[in-house]
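> A predicted structure for the sequence below; I have some questions about it.
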Amino acid sequence: MSRLWYKQAAGEWEEAIPLGNGRLGAMVFGGVREEHLQVNEESMWYGGKVDRNNPDMKEQLPVIRELIFKGEIAKAERLIKLAMSGCPNSMHPYQTLGDIYIQFEGLEEFTDYYRELDLENAVYRQSFRCGETLFKREMFISKPADVLIMRFTAEGEKKINFSALLGRSKFFDGVKKTGNDGICLYGNLGKGGFDFSMILQAESRDGKISTMGEHLLAEDAGEVILYFCGDTTYHVPEEELEASIKRRIQRAKEELYETLLKEHIEDYVSLYGRVKLDLGDLSEYDAHPTDERILAAGKKPADIGLSKLYFDYGRYLLISCSREGGLPATLQGLWNQDILPPWDSKYTININTEMNYWPAEICNLQECHMPLFELIKKMVPNGRHTAEVMYGAKGFMCHHNTDIHGDTATQDHWIPGSYWVMGAAWLCTHQWTHYQYTLDEEFLRESFPIMREAAEFFLDFMVEHDGYLVTCPSVSPENTFILPSGEKGANIYGVTMDNQILRDLFTQCIKAAEILQVEDELNERIKAAREKLIPTRIGKHGNIMEWPEDFEEWEPGHRHISHLYGLHPSEQITVDGTPKLAKAAEVTLERRLAGGGGHTGWSCAWITNHYAKLWNGEKAYENIEKLFSNSTYLNMFDKHPPFQIDGNFGVTAAIAEMLVQSTLERIVLLPALPKAWNSGSIKGLCVKGCGEADVSWENGILKECVIRAGKDMKSCLKYGEFAIGFVLQADESRRFIWDGNKLVQQPANISDERG
């Protein structure tokens, strides 16, 4: 059983247990005398849509470029702050929905406390004893019912007595009763913002349920079931909001609890159960509470069970905060306790949002990727407006943040990060990634115009310089260089990450055009522009150059490793395809780490993926262990600090990439298997070309691989220096066994193209 478990209640938010159904979220503290659930709803974004585009940028753009090309970076950046910053400079934040407080009576003395999150069924359980009475609490958030359900039971002489209260600091309009069995809290999210409402109702087969003032009361009950739901006018018209919430709760109340639980588990397992990682008998590790394991992380011998637990937890979190038909995972997924959260808990798209979705395809959770694609669609008209108003360009673009409205203007006025123009371009590469894994031509046909509009912006925005087409201004997120004069700077032209992202986007547009049989002038312009991008270059230290000139870094251990985008998530740098660049990427990582890099959770996760792509299992595992010991809260949330969910998703993806990597041309088995994972198996990982792979190994050596095709699939399966070409028909499977010297395929009638 894969679980998080503890012997005491959460003392702070980062020890609470997260629940979610994609739209609704809760952090369960697990208190005995006072239970606290901090709750979230995906559309709780303050304020309405605002046009923040700076109209002065278009006029000042030529001046800024002239200053940058002359090397007068300080003057350019002063002008950039004035002309390129948004008006106002910041988007509105994603906010907490509020809190549920439940005050119990008669539970002053208790023993045998236990709480857990069952990852295999997405259910929270808690138990303790008061005298001879066993109290149990079970909670889950059902996607089918769209309701948070809590069942409290008492087995023995003592009964359940509590008063419950809804809260939201002071940021709500009012509270009221909803009959004799429920309470409601409601409010508004500012000028132009959504209205919101949340309702808590109770029922008991043997006790008394009532309301008094703003409290919901339960008396002398052996069992109480609580139903909670909240929503906003983002989803429901204002006049129907409260009635819609009540209907969902009423439908849930009409079902047996066991039926609700069964439907919830079936829905969840239909996604979570597709993939299974087995690292052998881990019972010796699971015998210890999760917080004790986190506190002991980094000590010898290593707790390899944490790798499996983190992998399972990452998949649980993605399912719980990003479901088809809803909004994407924010910087904190779905779980945010604040009215004014860190970085507004938005969509930060210069790495963080992208990292959130790295595990979606490979871990067989393609449906969880869909909310991101819907957000991209929402960004397109805003991005067209930004492109025209600020840059006089066609196409659509976005800077380094967006929000529920698809805002594309510049966020903040922060020189190392704000003035970056690549957000839409990077997001659109996810559309191609989804196609590579699914070969869904209908999806590609729908996405193709969006990808091309993102590319078209750069055909207008880029300028000729030293024989290349370059972006200007731009920045390598979120790093700072030192000019030969000793002056610091961040904004320049043609940074390495820009070129790598555009090389991907342009290539993907060209390939999509071939598949969809589109031949036009725009396609030819994209082809020509791709050939004029600055190539990825090696600098004086043997590292990948981050900027167009070989500057020194102001922070050698900077958390961003933007110039290694070409290694991961891209495939422009590979061990066997571009060995010199791969070696330079390794030097880049060594220098970053020597300077103190990887000190934030998500940065450590990115480094882990880089080492996986370099086929260095020991270094990848070393960074996973580093993340456990330095950047993991006791509830296994990723620690930036503060909490950001990207590190959870980044390491989940890295673990998968350590075991199976694929392109449309090949599948590589166990490319970065560490010694610590001596024997084991992984089932259900997706490979590009619309297939799935099951892989097992013993004593660090491949034992067996099964490839299943969803559609007709052509690929080359690699292990070590050997390669076997194969063709699979839809829904067909083939076994490949390592005999100690070579891959042996069964049946033997497949063409052998061993290299």
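Received it, and whenever you're ready, just let me know what you need. Numbers count the residues shown, from 1 in each chain.
> Quick check, residue 629 in contact with residue 302.
No: under the contact definition of Cβ atoms under 8 Å, residue 629 does not touch residue 302, with a separation of 10.1 Å. The way it works is simple: take the backbone N, C-alpha and C, and place the C-beta from them, glycine included.
> which of those two has more neighbours?
Between residue 629 and residue 302, counting by other Cβ atoms under 10 Å, residue 302 is the more crowded of the two (19 against 15).
> Quick one: residues contacting that one.
If you count contacts by Cβ atoms under 8 Å, 6 or more residues apart in numbering, residue 302 has them with 625, 676.
> try residue 280
Applying Cβ under 8 Å, 6+ apart as the definition, the contact partners of residue 280 turn out to be 678, 679, 680.
> ChimeraX command to pick out the buried ones of these?
Filtering these down to the buried ones (16 or more other Cβ atoms under 10 Å) takes a single ChimeraX command:
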select :680
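> Adding distance to residue 120, pLDDT and secondary structure as columns, could you present the contacts of residue 280 in a markdown table?
A markdown table is the format used below for the contacts of residue 280 (distance: Cβ to Cβ, whole Å; pLDDT from 0 to 100; DSSP: H, G, I helix; E, B strand; the rest coil):
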| residue | distance to residue 120 | pLDDT | secondary structure |
| --- | --- | --- | --- |
| 678 | 24 | 96 | coil |
| 679 | 22 | 97 | coil |
| 680 | 18 | 98 | strand |
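> of all the contacts of residue 280, which comes closest to residue 415?
For those, the closest approach to residue 415 (Cβ to Cβ) belongs to residue 680, at 46.5 Å.
> can you list contacts of stretch 608-626?
By Cβ under 8 Å, 6+ apart, the surrounding residues in contact with stretch 608-626 are 297-298, 302, 307, 310, 358, 561, 564, 567-569, 573-575, 582, 585-586, 589, 598, 604, 607, 627, 650-651, 653-655, 657-658, 661, 671-677.
> In strands, which of those fall?
residue 661 (DSSP state E).
> got the end-to-end distance for stretch 705-722?
Stretch 705-722 has its terminal residues 14 Å apart, counting by Cα to Cα, to the nearest Å.
> what comes up buried for it?
Neighbour counts using 16+ other Cβ under 10 Å place 705, 706, 707, 708, 709, 710, 713, 715, 716, 717, 718, 719 of stretch 705-722 among the buried residues.
> Dump those residues to CSV, plus distance to residue 474 and secondary structure.
Supplementary listing: the buried residues of stretch 705-722 in CSV, determined by distance: Cβ to Cβ, whole Å; DSSP: H, G, I helix; E, B strand; the rest coil:
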residue, distance to residue 474, secondary structure
705, 42, strand
706, 45, strand
707, 41, strand
708, 43, strand
709, 41, strand
710, 39, coil
713, 39, strand
715, 36, strand
716, 37, strand
717, 40, strand
718, 36, strand
719, 41, strand
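> Let me have those in JSON lines, adding pLDDT and distance to residue 496 as columns.
Putting these into JSON lines (pLDDT from 0 to 100; distance: Cβ to Cβ, whole Å) gives the following:
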{"residue": "705", "pLDDT": "96", "distance to residue 496": "36"}
{"residue": "706", "pLDDT": "95", "distance to residue 496": "39"}
{"residue": "707", "pLDDT": "96", "distance to residue 496": "35"}
{"residue": "708", "pLDDT": "94", "distance to residue 496": "38"}
{"residue": "709", "pLDDT": "94", "distance to residue 496": "37"}
{"residue": "710", "pLDDT": "93", "distance to residue 496": "36"}
{"residue": "713", "pLDDT": "93", "distance to residue 496": "34"}
{"residue": "715", "pLDDT": "93", "distance to residue 496": "30"}
{"residue": "716", "pLDDT": "93", "distance to residue 496": "30"}
{"residue": "717", "pLDDT": "93", "distance to residue 496": "32"}
{"residue": "718", "pLDDT": "92", "distance to residue 496": "28"}
{"residue": "719", "pLDDT": "91", "distance to residue 496": "32"}
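> can you tell me which residues contact residue 119?
Contacts here follow Cβ under 8 Å, 6+ apart; on that basis residue 119 touches 2, 3, 4, 272, 309, 312, 313, 316.
> Let's have the residues you listed in CSV, adding distance to residue 223.
Shown next, in CSV, are the contacts of residue 119 (distance: Cβ to Cβ, whole Å):
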residue, distance to residue 223
2, 28
3, 24
4, 26
272, 28
309, 32
312, 31
313, 30
316, 27
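> What about those residues, which one has the most neighbours?
For those, neighbours were counted by other Cβ under 10 Å; the highest total belongs to residue 316, with 27 neighbours.
> Excluding sequence neighbours, find me the nearest residue to that residue.
Here the nearest residue to residue 316 in space, its sequence neighbours aside, is residue 119; by Cβ to Cβ, 6 or more residues apart in numbering that works out to 4.8 Å.
> any idea of the pLDDT on the one you found?
Predicted confidence (pLDDT) for residue 119: 98.
> any idea how far residue 607 is from it?
From residue 119 over to residue 607 the distance is 25 Å, taken as Cβ to Cβ, to the nearest Å.
> longest helix anywhere in this structure?
Secondary structure of the chain read by DSSP state H shows that its longest helix is helix 366-391.
> what packs against it?
Contacting helix 366-391 under the criterion 3 or more Cβ pairs under 8 Å, 6 or more residues apart in numbering; DSSP states H and E are the following elements: helix 57-69, helix 358-362, helix 423-438, helix 441-461.
> how about those, which one is nearest residue 137?
helix 358-362 (30.5 Å).
> Distance from the chain centre to the closest one, please.
When distances are taken as Cα atoms, centre = their mean, to the nearest Å, helix 358-362 is centred 9 Å away from the chain's centroid.
> what comes into contact with that helix?
For helix 358-362, with Cβ under 8 Å, 6+ apart as the criterion, the contacting residues are 314-315, 318, 322, 365-366, 368-369, 433-434, 436-438, 569, 609, 649-650, 652-653, 656-657, 660, 685-687.
> Flag every buried residue along that helix.
So, applying 16+ other Cβ under 10 Å, buried residues of helix 358-362: 358, 359, 360, 361, 362.
> Over to stretch 432-446?
Of the residues in stretch 432-446, those scored as buried under the neighbour-count criterion (16+ other Cβ under 10 Å) are 432, 433, 434, 435, 436, 437, 438, 439, 440, 443, 444.
> distance of the fourth one from residue 361?
In other words, residue 435. Shown here: residue 435 relative to residue 361, a distance of 10 Å by Cβ to Cβ.
> residue with max distance from the center of this protein?
residue 157 (46.4 Å; Cα atoms, centre = their mean).
> quick one: contacts for that one?
131, 132, 133.
> That one: which element?
Assigning secondary structure by DSSP states H and E places residue 157 outside every helix and strand.
> can you state the direction angle for the longest helix of the chain and helix 57-69?
90 degrees (axes from the mean of the first three to the mean of the last three Cα atoms, to 10 degrees).
> tell me what the next helix or strand after helix 366-391 is packed against?
Using DSSP H and E, the helix or strand that follows helix 366-391 in sequence is strand 401-402. Counting contacts by 3+ Cβ pairs under 8 Å, 6+ apart, strand 401-402 packs against strand 347-348.
> Contacts for the strand it packs on, please.
328, 330, 331, 353, 375, 400, 401, 402, 403.
> 7 Å - rerun?
Contacting residues not belonging to strand 347-348 are listed as 328, 330, 331, 353, 400, 401, 402, 403 [Cβ atoms under 7 Å, 6 or more residues apart in numbering].
> Just read off the phi/psi values of the fourth one.
The one in question is residue 353. Note on residue 353: its backbone torsions stand at phi -60, psi -40 [degrees, to the nearest 10].
> what's the closest non-adjacent residue to it?
residue 347 (4.7 Å).
> so residue 85 sits in a strand?
No: under DSSP: H, G, I helix; E, B strand; the rest coil, residue 85 sits outside any strand and is assigned coil.
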